[in-house]
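Asks: structure of the sequence below:
(chains A, B and C)
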Amino acid sequence: MAEVRRSAVATERISGLTGFERERRSEFSRAWRRFKRYRPGLAGLAFIGVLVVFALVPSLFAPYDPIAQDTAMRGAPPSWAHPFGFDHVGRDILSRIIWGSRIAMLVGLGATAIAVTIGVTIGATAGFFGGWVDSILSRFVDTLLAFPTLVLLIVLAAIIGPSLLTVIVVIGTTTWASYARVVRADVLSLREREFVLAARASGASQARVIFRHILPNAMGPVIVLATLGIGGIIILESALSFLGLGVQPPTPSWGAMISDGRAFIRHYPQIAIAPGVMITLTVLAFNLFGDGLRDALDPRQRE
Amino acid sequence: MPRFDELLERTPAVGLTRRVLLKRATAGVAGLAAFGLLAACRGAQEQATPETPAAPAAAASPTPTRPPAIVTTPAVVTPTPAPEGKYGGEMIVTGHHEIASLHPDDAGPTVHWVIVTQIHNGMIELDENYQLELVLAESYDVAEDGLTYTFKLRDGVKFHDGEIFDSNDVKYTFEWYMNPDSAAVNAALFRNIDRVEAPDERTVTIHMKQPDAPFLVRAATTFILPEHHHGKVGKEGYASNPIGTGAFKLKEWRAAEFTTVEAFDEHFRGRPYLDLFTEKIVPEASVRAIMLETGEADSAVWPLVAEDNLRFAEDPNYTVFRTSSVAVNHFPLNNEHPILSDKAVRQAMMHAIDRQKVIDDIFRGTAVLATANLSPALEQWYEPNVKQYPYDPERAKQILEEAGWVDTDGDGIREKDGVKLSFTCTTITGDQARRPEAEVVQQYFKAVGIDMQLAEAPTATILEKMRSGEMDASLFNWTYGGGGGDPDASATLRSNAVNNFSHYKNPRMDELLDNGIKEVDPQKRKEIYSEIQKLVAEDVPFLYMMFWDWFNIFTKRIKGLPESALTGSQLYRKAYQWWIEE
Amino acid sequence: MFQYIVRRLLQGLVVIFLVTLATFGLMHLAPGSPVDIMIGEAEVSQEVIDAITKKWGLDRPWYEQYLVWLGNMLRGDFGQSMVRTGVPVSQMLLEAAPVTLKLNLYSFAIAVLIAIPAGVLAAVRRYSLFDYSSMVGATLGVALPNFWIGLMLIIIFAQKLRWLPSGGSGSWQHYILPVAVLATEQMAVLARLTRGATVEVLHQDFVTTARAKGLADVTVIFRHVVRNALLPVITIIGYRLAFILSGTIVVETVFAWPGLGRLFILSIDRLDYQVVQAIVFLLTILVVIGNLLTDLVYAYIDPRIRIQ
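Replies: Numbering: from 1, shown residues only, chains lettered A, B, ... in the order given. The predicted structure follows:
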């Protein structure tokens, strides 16, 4: 009895919402329940949460200024006061690692946002309009997908000149093809579905049909893909920084820190070890989170 | 990629080098030098001596000037015949970037030079102690007025393909460099030559348009090209198929991988002991160090990180030559930039940096403080009595305040007439040796209210933009005089020079530089270059930081090495005397 | 079918044209010129710079230079490297390509030999210890930055243990570390893919039917499951053909291998236009061919997919 009443209250509380949103909310809670069952995914989410907090307020956690140097401490090994030791110009590595999460998050989320925007727009256009628009865009997407991103990135970053903004924009504009492909396929099937046909019959504008009815339903796979993609982007960023084409000094970036440490692996290996571990853990966290999300949002995969 | 240390240093001209030993043990006098040649001082070889950081040569008292007589008779040392060695074996050295060309005209970079010098000979050559050595020439003669040089050539010298070397090859070589159609990189070295004559097979006469003090060191040491081959294949064809008179001939050239030369049996000084001499290309400094440790390599042509250099220097299993570069590590500043054109700002910057601390901490003491454009190691020309810039942040602040640079909005950066005291320094992409230095200097500037932003760009971009004046500042090493021991700096300090990266313009400087080239009396020349250094220290066209120490490390199995050396890369010219003994 | 291939190839030509044009334009937009590298620290006058610039045709507008390049290209001439004073680009590619190909071939062979059986086994024995541990390994393998493992392997095997050379090419020992790094990544990707594809096939009707008919598990797996599961795997391999280059850029840098990847990045850095252009050109061809072949193989293996 009590059980029933509670759910009645709950229904009442959300009754102010439109039917569409209500459907989504309950879908969300169902997805969350499914997600919770996948432990590694939860662990990933927790780690990401910590990183986000680090990225938002690094000064609260970093024990020292990440840029301040004490050159006399060049390469000094870990100690209690400086658990990760010092880098080659005498900066505290732990503080740089914590501040580095800000760059990783900025690049990971920023570039993904750009890629998703471009990819969804192009994929939706191709899927919705079909015909020659679709075949041109699809050929373009195929080519871009097959083209090694790192090569494109290197050419662009070398020519535009490396900076944080370049890295974000360049990664964003070269990694959208997979989103376009997924969205196109979804839109292709969605546009023939009853609720879309109904909306069209009732005279809704094309834009409204696309943005209100089709895209929201195609977003599930995009979110999963985006989550799984962030890890790859963080690796790309660090590879670019490693090659000297990424974020500029003295801004602490994990990839650049590994690059710094490369010359000193014989004498001060700690410079390169810590950021490498951080990159691995971060990418791992996003991938596990993405795996969990996929299982939760896309039950077909889970059989 | 991002190669460590490109631009670190390029040999300025064919057959030149500019590394001088700092520490002097015996001041062996060899007052043989003609014209500008450094009166050579025997340096002590640092053989596994416990490391005492280079006695700051800055502190070394100026050498009593020994004006070398202007000699018209050969100013030459005969190469000491190496003791009897063993034949056979392969010596492996490591370089840090690819050997793009084997043409002597491209042999600037040390990595190229090490191979090109095995294959070729000049009429005269500089040895590892900056002394001239007769090689293809038997003797030479300079006219009193400095306008005619006559070289007598050695008999019975063969090129690798069996052809006989004669005066026509010399004439051909000089004329090839002088010909604008050749687009030779080093053409400028030959600009004061009027004509070259070959009156007979064994004689070459060179007529000058005007006296040229650095001529013998810079142009006469040019490697001789074979007319019969080079004339046919041209520069491009020759770059991959060089034929010289050297002790070794080319066996295999894989630019980015390795280059091997093999003993030339008919070499005029006799067959070298080594069968093979190979330079492997290994970009990572740490990997080069490991290769020396494991015995995969016998020597590193290009320096390692300071910590490795010092460790090998202390290890009795290695023979280490520690010499000093004459290329100054400096921040070129665009003197036409609205802020950097202010001399007060440039002087304040010098006071703001604790350069000695940068040397001690970041370079582990393996460099000497610069006091102007010339290295203290160039004792003959170095002028210590110039304006000094000790570390004094208070003085720096005071100079800035007096010049009107005040922080009015409290953001920590000074401004004047609404312009922020802010500029960008662009370092070479992936420059692991100098980027940290720039990061440290950035903090020193911040402390006195100067904002230096950092950026990175490839070498080509930096050179072009610094030359065209589109870049504020950069950081690299470059010679501002001192190449081959000669102090001439026209290529960098003259107002119209292509490599005047700082766009420094001072009519007095131009006048001094021109006089310096024409002046044949070493005493008077010395005065001219002293004034040049004083002018540089007063004007601070660029922030001169330091001169790096150069470490050339050899495993103990390499025998026959010179007793001492003033210059590192020139060492490898002597490979024809070395042998391997396990 | 034939018509389809011709159409695709024509489209490919357009792609190649556009990509090379874009690369050429971009490279020339970049400030600086290879002449600056060529002259180095020599005492040059402006006349010398002009002479060199003219000699290499760099004084003409970039589109004109592109047309010259295109003309030479059509005659099979890749041009000459400026930085390596006139060495034919084709020769440089011929020197560098085998190195890169060998690295990729070995690592790929190892990856396939280990990852595909592991992926299938993990799918068949789902939720077993093997499944969990191999998937944890694979997830980790994807997350490891390859340049970083490269460095760590150098520290451990070359420096501390001194078992293997730290860099360079030559003997078989030189191959071990870079191949291990490349294979780790490929293995991780392939194992995950194979497992996913196999799981999907295992739940399809025909497999259930086959099992119901009483066919032995092993037979089912080999005859039906693996064959079908390989489809997406092959697709990915085909699409990733062009990634041969990008995968090795970083590894070749870390281990100092004189392959295409390092040549590429060095040439970009030195603005050695002709070399960059040639590599991008070949890469684009690979992309086009890889795409086409994949589609064809796909159609061949799975008759349900008809080529439009």
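Asks: now the strands for the stretch 51-200 of chain B?
Replies: B:90-95, B:124-126, B:132-134, B:137-142, B:148-153, B:193-200 (DSSP state E, counting those that start in this stretch).
Asks: how about the nearest residue to A:I271 once chain neighbours are set aside, what does it touch?
Replies: Spatial nearest neighbour of A:I271, chain neighbours left out: A:G261 (3.3 Å); criterion: CB to CB, 6 or more residues apart in numbering or on different chains. The way it works is simple: take the backbone N, C-alpha and C, and place the C-beta from them, glycine included. A:G261 sits next to A:87-88, A:268-273, A:275, C:151 when contact means CB atoms under 8 Å, 6 or more residues apart in numbering or on different chains.
Asks: change it to 10 Å
Replies: For A:G261, the contacting residues are A:75, A:87-88, A:93, A:268-276, B:432, C:148, C:151, by CB atoms under 10 Å, 6 or more residues apart in numbering or on different chains.
Asks: now it: which helix or strand?
Replies: Element membership of A:G261, judged by DSSP states H and E, is helix A:254-262.
Asks: neighbours of B:P214, how many?
Replies: Residues contacting B:P214 under the criterion other CB atoms under 10 Å in any protein chain shown number 26.
Asks: quick one on the thing from earlier: what's the distance between the residue nearest to A:I271 and B:G365?
Replies: Distance of A:G261 to B:G365, computed by CB to CB, to the nearest Å: 22 Å.
Asks: got it, and A:S59?
Replies: 35 Å.
Asks: could you do B:D169 as well?
Replies: 47 Å.
Asks: of those two, which one has the most company?
Replies: More crowded of B:D169 and B:G365, by other CB under 10 Å: B:D169, with 26 against 18.
Asks: report the central residue of the chain.
Replies: No chain in the question, so chain A it is. A:I230 (3.0 Å; CA atoms, centre = their mean).
Asks: I was thinking of chain C, sorry if that wasn't clear
Replies: C:I244 (1.3 Å).
Asks: that one contacts A:L150, doesn't it?
Replies: No - using CB atoms under 10 Å, C:I244 is not in contact with A:L150, being 11.7 Å away.
Asks: give me the common contacts of those two.
Replies: Common neighbours of C:I244 and A:L150, using CB under 10 Å, 6+ apart, are C:G261.
Asks: could you list the low-confidence segments of the stretch 51-200 of chain C?
Replies: The model of the stretch 51-200 of chain C has pLDDT under 70 over residues C:85, C:168-170.
Asks: okay, residue 21: pLDDT?
Replies: Since no chain was named, I'll use chain A. Per-residue confidence (pLDDT) for A:E21: 52.
Asks: meant chain C actually
Replies: On the pLDDT scale, C:L21 gets 86.
Asks: so where does it fall, helix or strand?
Replies: helix C:2-29.
Asks: output the contacting helices and strands for that helix.
Replies: Using 3 or more CB pairs under 10 Å, 6 or more residues apart in numbering or on different chains; DSSP states H and E as the contact test, the elements touching helix C:2-29 are helix A:131-146, helix A:149-160, helix C:62-74, helix C:273-301.
Asks: looking at those helices, which is closest to chain B?
Replies: Closest approach to chain B among the helices and strands packed on helix C:2-29 is made by helix A:149-160 (6.7 Å; CB to the nearest CB).
Asks: quick one: the closest one to helix A:131-146, angle?
Replies: Counting by axes from the mean of the first three to the mean of the last three CA atoms, to 10 degrees, helix A:149-160 lies at 90 degrees to helix A:131-146.
Asks: helix or strand right after helix A:149-160?
Replies: Next along the chain after helix A:149-160, taking DSSP H and E as the criterion, comes helix A:164-174.
Asks: so which bits of that next one are buried?
Replies: A:164, A:166-174 (16 or more other CB atoms under 10 Å in any protein chain shown).
Asks: pLDDT score assigned to the residue nearest to A:I271?
Replies: For A:G261, pLDDT reads 86.
Asks: with B:V287 instead?
Replies: Per-residue confidence at B:V287 stands at 82 (pLDDT).
Asks: what is the neighbour count of it?
Replies: By other CB under 10 Å, the burial measure for B:V287, its neighbour count, is 27.
Asks: would you confirm that it contacts B:V305?
Replies: No - using CB under 10 Å, B:V287 is not in contact with B:V305, being 11.6 Å away.
Asks: who touches both of the two?
Replies: Contacts common to B:V287 and B:V305, judged by CB under 10 Å, 6+ apart, are A:R266.
Asks: can stretch C:92-111 be found next to chain B?
Replies: Yes - Stretch C:92-111 comes into contact with chain B (CB under 10 Å from any CB of the partner chain), by way of C:92, C:95-96, C:99.
Asks: elements contacting the next helix or strand after the helix holding C:L21?
Replies: Downstream of helix C:2-29, the next assigned helix or strand under DSSP H and E is helix C:34-39. Secondary-structure packing of helix C:34-39 (3+ CB pairs under 10 Å, 6+ apart): helix B:459-468, helix C:46-55, helix C:273-301.
Asks: quick one: distance of helix C:34-39 to the chain centre.
Replies: Offset of helix C:34-39 from its chain centre (CA atoms, centre = their mean, to the nearest Å): 30 Å.
Asks: cool, and stretch B:452-462?
Replies: Counting by CA atoms, centre = their mean, stretch B:452-462 comes out at 23 Å from the chain centroid.
Asks: buried sites along it?
Replies: B:452, B:454-462.
Asks: cool, stretch C:275-287 as well?
Replies: C:275-287.
Asks: could I get the average pLDDT for that stretch?
Replies: Mean predicted confidence for stretch C:275-287 is 86.
Asks: could you check that stretch against chain B for contacts?
Replies: No - using CB under 10 Å from any CB, we find that stretch C:275-287 stays clear of chain B, coming within 11.4 Å at best.
Asks: dump that stretch to CSV, restricted to CA.
Replies: C-alpha atoms of stretch C:275-287 as CSV (Å, rounded to 0.1, in the frame of the first residue of the first chain):
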residue,chain,number,x,y,z
VAL,C,275,58.6,15.8,-49.2
VAL,C,276,55.5,16.7,-47.2
GLN,C,277,53.5,16.9,-50.4
ALA,C,278,54.7,13.5,-51.5
ILE,C,279,53.9,11.8,-48.2
VAL,C,280,50.4,13.4,-48.0
PHE,C,281,49.8,12.4,-51.6
LEU,C,282,50.7,8.7,-51.0
LEU,C,283,48.7,8.8,-47.8
THR,C,284,45.6,10.0,-49.6
ILE,C,285,46.0,7.3,-52.2
LEU,C,286,46.1,4.8,-49.4
VAL,C,287,43.0,6.2,-47.9
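Asks: any weak-confidence spans in the stretch 51-200 of chain B?
Replies: Scanning the stretch 51-200 of chain B for pLDDT under 70 picks out B:51-83.
Asks: in it, what residue lies closest to chain A?
Replies: Closest point on the stretch 51-200 of chain B to chain A, by CB to the nearest CB, is B:H96, at 11.6 Å.
Asks: what does the pLDDT read for the nearest residue to that residue once chain neighbours are set aside?
Replies: Counting by CB to CB, 6+ apart, B:W302 is the residue found nearest to B:H96 once chain neighbours are left out, at 4.1 Å. Predicted confidence (pLDDT) for B:W302: 85.
Asks: list the contacts for B:W302?
Replies: Per CB under 10 Å, 6+ apart, neighbours of B:W302: B:4-5, B:8-9, B:93-97, B:109-111, B:114, B:282-283, B:285, B:288, B:550-552, B:568-569.
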